[in-house]
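Q: fold the following for me, if possible:
(2 chains)
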2 protein chains.
Amino acid sequence: MPAPAYLTQHQNRFLEELLDWLRIPSVSADPAFHGDVLRAAEFLKEKLTAAGAQNVALCATAGNPIVYGEYFVGADKPTVLVYGHYDVQPADPYELWTSPPFNPVIKNEKIYARGACDDKGQAYMHVKALEVLRAEGEVPCNLKFMLEGEEEIGSNNLAIFVRENKEKLRADVILISDTGIIANDVPSIEVGLRGLSYHEVEVTGPNRDLHSGLYGGAVANPINALCDMISSLHDAQRRITIPGFYDQVTELSPAERAAMAEAPFSEQEFAQSIGLPAAVGEAGYTTPERTGIRPTLDVNGIW
Amino acid sequence: MPAPAYLTQHQNRFLEELLDWLRIPSVSADPAFHGDVLRAAEFLKEKLTAAGAQNVALCATAGNPIVYGEYFVGADKPTVLVYGHYDVQPADPYELWTSPPFNPVIKNEKIYARGACDDKGQAYMHVKALEVLRAEGEVPCNLKFMLEGEEEIGSNNLAIFVRENKEKLRADVILISDTGIIANDVPSIEVGLRGLSYHEVEVTGPNRDLHSGLYGGAVANPINALCDMISSLHDAQRRITIPGFYDQVTELSPAERAAMAEAPFSEQEFAQSIGLPAAVGEAGYTTPERTGIRPTLDVNGIW
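A: As a prediction, the model looks like this:
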């Protein structure tokens, strides 16, 4: 059956299944929801199996299991590895929700629920894509599914799993739909993402609290020292001053930057949406370039 | 009776009275101790009266009362205004005390109790000085006592009291013994103290938490902005860069600085006592000058 007809025929079931999945509060950051996290993984395993995936399994890790499945059509076909996650962010403060986070409601053709777009909606779309391709009669590539349950808490066990399963996960393309889109009416394909290197710096000072009237002016105040360090990490052009920081950063060609600039973007709407008078950043780059192709260095907390 | 003989005769009573006063937990920062704060003020009023002070009164303020008393010997004599305070800092964490903070003990001729040297010990010495001078037969100056109960919480009501009682408090000399001494065996007279101007700066940013992966590089991170501001308050010589900051700061003469330098001070002991490899501060000044005659600018917290 052609995909459009199949989709029309099964749309309600697809939707009901997704809503059922969204009802499971798979909050990985809170141990109180651990049972729900495992239920969400089991749900996904069942649906992958029902869609026709082979070798579907919950792969144990030191934390939440990774749901794995595959669909093999031929060694001469390219292999696409689909990545997604079945855990969600905590939903509190609950009182700010206009509908309960784990009781999905549909308003104006949009689903409102925790995890609807991060990442259960997209992950479920990938599962259903396999089902639809099989109904059409021809799956054009080999598929591997790898859906984890710790994306919202750092993916530490995914990193181990990937290192330990290089052959099993070998693929020509990795498909991730846990990213952004330019606008709701502008389908977008991102071809790269920034990674993350997270560091904690501890500044130590005197052996006790010092009275500023008695010691002020003669002792390096740890706050001042820390601020000097943080402030020195950027120059006046907002370039990062750490030696070697940009050494392995790819500079896009003028043609590539011109292509990026064709994507619709309003500087004013961007600033307004976050309540700021203007965007600011590294000199010589546009806002989409600063958030898209340039590395950044941010402080996420002082305590 | 000459002072030495009088002191020998009454030493035990003086000590017992001070210990009684130290037993009153007059913690001004904690409302739970409010009754004790008032008891400490009453105690002081009684002892000032017993020492022979005139017009002794608890002067009401919006907070804790100010204990006032005076001793007039003649319009041709100079007038000394004695300042002190009868409130104490909180004593917690209690488990770190080797003896209970409000149950004074004497070890090696030292009194261990909260407030023994800040400031009940010194304040009580002033009260007893009046008693001893009267016993000697001649008080050489007019005396005014002004002892407050809010020194440890900012002295806001003292400032109002002083402004409203300029005539009553008029004096030639103000004597404060709530300061430091160079060492336990080096009696010290300080002729000036630094004041305090306290400011809170609030940095506002985007209208919500922003994901550093999606917005990093295009938005002024409030922490970075705050650190830039704090860092820019000092130059590389640790001089404060705020325009006009030093305009009204008195520069001591070389002779005055030479006199200061004669006071015993060990740079190494200073650093060791606070667990730092070295003292640091404004270029061109010694550590005692940096803490004594130079203004300073310190950040006391970020949150």
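
Q: identify each buried residue in the lowest-mean-pLDDT helix or strand in chain A, please.
A: Comparing every helix and strand of chain A by mean pLDDT, DSSP states H and E singles out helix A:212-215 as the least confident one, with a mean of 87. Within helix A:212-215, the residues that qualify as buried are A:Ser212, A:Gly213, A:Tyr215, counting by 16 or more other C-beta atoms under 10 Å in any protein chain shown. For the C-beta atoms, the positions are set from N, CA and C on the backbone; glycine is no exception.

Q: give me the element the residue lying closest to the last one once chain neighbours are set aside is part of.
A: Spatially, and ignoring its direct neighbours in sequence, A:Tyr215 is nearest to B:Thr291 (6.3 Å; C-beta to C-beta, 6 or more residues apart in numbering or on different chains). When elements are defined using DSSP states H and E, B:Thr291 is found to belong to helix B:287-292.

Q: then A:Glu70?
A: Using DSSP H and E, A:Glu70 sits within strand A:66-71.

Q: spell out whether the next helix or strand after that strand and chain B are in contact.
A: Scanning forward in sequence from strand A:66-71, with DSSP H and E defining helices and strands, the next element found is strand A:79-85. No - Strand A:79-85 is not in contact with chain B by C-beta under 8 Å from any C-beta of the partner chain; minimum separation 15.0 Å.

Q: what's the answer for stretch A:113-132, then?
A: No - under the criterion of C-beta under 8 Å from any C-beta, stretch A:113-132 makes no contact with chain B; the nearest approach is 10.7 Å.

Q: in that stretch, what's buried?
A: The neighbour-count criterion (16+ other C-beta under 10 Å) identifies A:113-116, A:118-124, A:126-132 as the buried residues of stretch A:113-132.

Q: with stretch A:138-153 instead?
A: With the criterion 16+ other C-beta under 10 Å, stretch A:138-153 contains buried residues A:139, A:142-153.

Q: next one: stretch A:4-20
A: For stretch A:4-20, burial by neighbour count (16+ other C-beta under 10 Å) applies to A:Tyr6, A:His10, A:Phe14, A:Glu17, A:Leu18, A:Leu19.

Q: skipping adjacent residues, who's closest to the first one in space?
A: The reference is to A:Tyr6. Counting by C-beta to C-beta, 6+ apart, A:Tyr6 lies nearest to A:Ala135, which is 4.5 Å off, once chain neighbours are set aside.

Q: with adjacent residues omitted, what lies nearest to whatever residue of the stretch 51-200 of chain A ends up closest to chain B?
A: In the stretch 51-200 of chain A, the residue found nearest to chain B is A:Arg194; the distance is 5.8 Å by C-beta to the nearest C-beta. When the adjacent residues along the chain are set aside, A:Arg194 lies closest to B:Gly213, with 5.8 Å between them (C-beta to C-beta, 6+ apart).

Q: sorry, back to before: the residue nearest to A:Tyr6 belongs to a helix?
A: Yes - secondary structure of A:Ala135, determined by DSSP: H, G, I helix; E, B strand; the rest coil: located in a helix.

Q: distance check, it against B:Asp228.
A: 58 Å (C-beta to C-beta, to the nearest Å).

Q: could you give the number of residues near A:Leu38?
A: One way to gauge burial is a neighbour count; for A:Leu38, by other C-beta atoms under 10 Å in any protein chain shown, it gives 16.

Q: list the contacts for it?
A: For A:Leu38, the contacting residues are A:Asn64, A:Pro65, taking C-beta atoms under 8 Å, 6 or more residues apart in numbering or on different chains as the criterion.

Q: pretty sure the residue of the stretch 51-200 of chain A closest to chain B contacts A:Asp298?
A: No - taking contacts as C-beta atoms under 8 Å, A:Arg194 lies outside contact range of A:Asp298: 11.1 Å.

Q: what do the two both touch?
A: With contacts defined as C-beta under 8 Å, 6+ apart, the residues adjacent to both A:Arg194 and A:Asp298 are B:Gly216.

Q: what element comes up after the lengthiest helix in chain A heading to the C-terminus?
A: Here the longest helix in chain A is taken by residue count, with DSSP state H as the criterion, and it is helix A:3-22. Using DSSP H and E, the next helix or strand after helix A:3-22 towards the C-terminus is helix A:34-51.

Q: contacts for stretch A:107-115?
A: A:18-19, A:22-23, A:25-26, A:88-89, A:91, A:98-99, A:101-106, A:121.

Q: and stretch A:97-115, which residues are buried?
A: Along stretch A:97-115, these residues count as buried under the neighbour rule (16+ other C-beta under 10 Å): A:Pro101, A:Phe102, A:Pro104, A:Ile111, A:Tyr112, A:Ala113, A:Arg114, A:Gly115.

Q: kind regards, and thank you for your time.
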